[in-house]
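# Task: produce atomic coordinates for the following.
(one chain, ligands or ions: 1)
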Amino acid sequence: MFRRRGRAQVPVVAGAEGGALALDGVGRTYRGGDVVALHPTDLVVGRGRFVAVMGPSGSGKSTLLQCAAGLDRPTCGTVRVEGVEIGELSEAALTRLRRERIGFVFQAHNLVPSLSVAENVALPLMLGGADAAGPTGEGTAARAAVALAAVGLGDRTTDIPAELSGGQQQRVAIARALVTDPAVIFADEPTGALDPSTAHDVLALLRQAVDHGGHTVVMVTHDPTAAAWCDEAVFLTQGRLVAAMDRPDAGRVHAVMRRLGRRGVAA
Ligand SMILES: Nc1ncnc2c1ncn2[C@@H]1O[C@H](COP(=O)(O)OP(=O)(O)OP(=O)(O)O)[C@@H](O)[C@H]1O
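Residues are numbered from 1 along each chain as shown. Presented below is the predicted three-dimensional model:
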């Protein structure tokens, strides 16, 4: 669905009122403006939604995700997470917001190899120092244990990452993303390195985080099957958001991706 704005068509993801994430005219250029990775883009994601960001290689998906997550500063526009405009935050405040209100899951899970599974999950809490205790005063170890139990790894807390399979390591990364109870989880190709069965388990966990944890998940993926786990899919091509789909299924997503790959535009 779209509403018209001056500069571009604007996908509005269902349930946008009180959005967890709002991009307003967010663009990113490189080399003094010669390379436009992302044209000014508007996107509002409602709380408790699972959204896939899709598009051909080089269409700007990772750029959008990095700007939305406060990992990169856009060239123009504003990003709000739970209504907080992140461009106005100091580096220290942005770091704190990223640590406490945002979770990250990447294709390469970035676990610290020398730390145990439980220590890896507790890391965002430990970096938070005095604020690490949960709402009822439980400590970091207890919170990490709850997050690990939620991804089915409650019995692997003392292992180091190398002792786990790739899929189990990705589940640890999801536990680490969940442990701070973030408003938004950004996932960049979280199943890109996994076999279909393990990918299924990881996507089920993200779906559960939305349905039972009330989290919002924004996931970059190339995979129509992964997109079918989402509430909505939005499609980028050549740095522009050109289409959105409610309740995507793999067949329809695949058809749009083929059209985008062929012509660079949505039908
Ligand atoms: N640091 C950079 N300097 C110059 N150009 C860049 C830089 N980062 C990204 N780009 C360009 O911006 C465009 C969008 O890149 P981006 O990584 O966002 O695409 P993507 O859709 O995530 O691609 P993929 O699916 O292959 O990961 C590409 O043309 C890319 O070459």
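# Does residue 186 touch residue 81 like I think?
No: Residue 186 is beyond contact range of residue 81, at 10.3 Å (criterion: Cβ atoms under 8 Å). In this view, the C-beta of every residue, glycine as well, is placed from N, C-alpha and C.
# Neighbour count for these two, which is higher?
residue 186 (26 against 23; other Cβ atoms under 10 Å).
# Just after the helix or strand hosting that one, pick out the following helix or strand.
Here residue 186, judged by DSSP states H and E, is contained in strand 184-188. As assigned by DSSP H and E, the chain's next helix or strand after strand 184-188 is helix 196-211.
# So which elements touch that following helix?
strand 50-54, helix 166-178, strand 184-188, strand 216-220, helix 224-227 (3 or more Cβ pairs under 8 Å, 6 or more residues apart in numbering; DSSP states H and E).
# what lines up beside the strand holding residue 186 in the sheet?
Sheet pairing for strand 184-188, assigned by DSSP bridges, gives strand 102-106 (parallel), strand 216-220 (parallel).
# Give me the common contacts of residue 186 and residue 81.
Here residue 186 and residue 81 have residue 102 as joint contacts, going by Cβ atoms under 8 Å, 6 or more residues apart in numbering.
# Below-threshold pLDDT in the stretch 51-200 of the chain: ranges please.
129-138 (pLDDT under 70).
# Would you mind listing what in it touches the ligand?
For the stretch 51-200 of the chain, the residues in contact with the ligand (Cβ under 6 Å from any ligand atom) are 55, 57-63.
# Identify the residues contacting the closest residue to residue 154 other than its chain neighbours.
Closest residue to residue 154 apart from its sequence neighbours, by Cβ to Cβ, 6 or more residues apart in numbering: residue 148 at 5.3 Å. Residues in contact with residue 148 (Cβ under 8 Å, 6+ apart) are 117-118, 121, 154, 156-157, 172, 175.
# secondary structure class for residue 148?
Under DSSP: H, G, I helix; E, B strand; the rest coil, the three-state class of residue 148 is helix.
# And residue 233, by the same measure?
strand.
# what's near enough to touch it?
51-54, 227, 244-245, 248, 253.
# Contacts only, for residue 36.
27-29, 239.
# what is it paired to in the beta sheet?
According to DSSP bridges, beta-bridge pairing links residue 36 with residue 29.
# Repeat that for residue 50.
residue 217.
# looking at it, it is touching residue 226, isn't it?
No: assessed by Cβ under 8 Å, residue 50 is found out of contact with residue 226, at 10.5 Å.
# Spit out the residues that contact the two alike.
Joint contacts of residue 50 and residue 226 (Cβ under 8 Å, 6+ apart) are residue 219.
# Compare the two (neighbour count), which wins?
The neighbour comparison of residue 50 against residue 226 (other Cβ under 10 Å) goes to residue 226, with 27 against 24.
# Can you give me the pLDDT of the more buried one?
Residue 226 carries a pLDDT value of 96.
# How much space separates it from residue 192?
Counting by Cβ to Cβ, to the nearest Å, the separation of residue 226 from residue 192 is 9 Å.
# so how far is residue 95 from residue 172?
22 Å.
# beta partners of the residue positioned nearest the centre of the chain?
Among the residues of the chain, the one closest to the centroid is residue 186, at 1.4 Å (Cα atoms, centre = their mean). Beta-bridge pairing of residue 186 under DSSP bridges involves residue 104, residue 218.
# what helix or strand does residue 79 sit in?
Going by DSSP H and E, residue 79 is part of strand 76-81.
# Report all helices and strands that that strand contacts.
Looks like strand 76-81 contacts strand 21-30, strand 35-45 (3+ Cβ pairs under 8 Å, 6+ apart).
# Give me the buried positions along the shortest one.
Under the neighbour-count criterion of 16 or more other Cβ atoms under 10 Å, strand 21-30 has 21-29 buried.
# Now do it: everything it contacts.
The contact list for strand 21-30 (Cβ under 8 Å, 6+ apart) reads 7, 35-45, 60, 63-64, 67-68, 72, 74-81, 83, 184, 216, 218.
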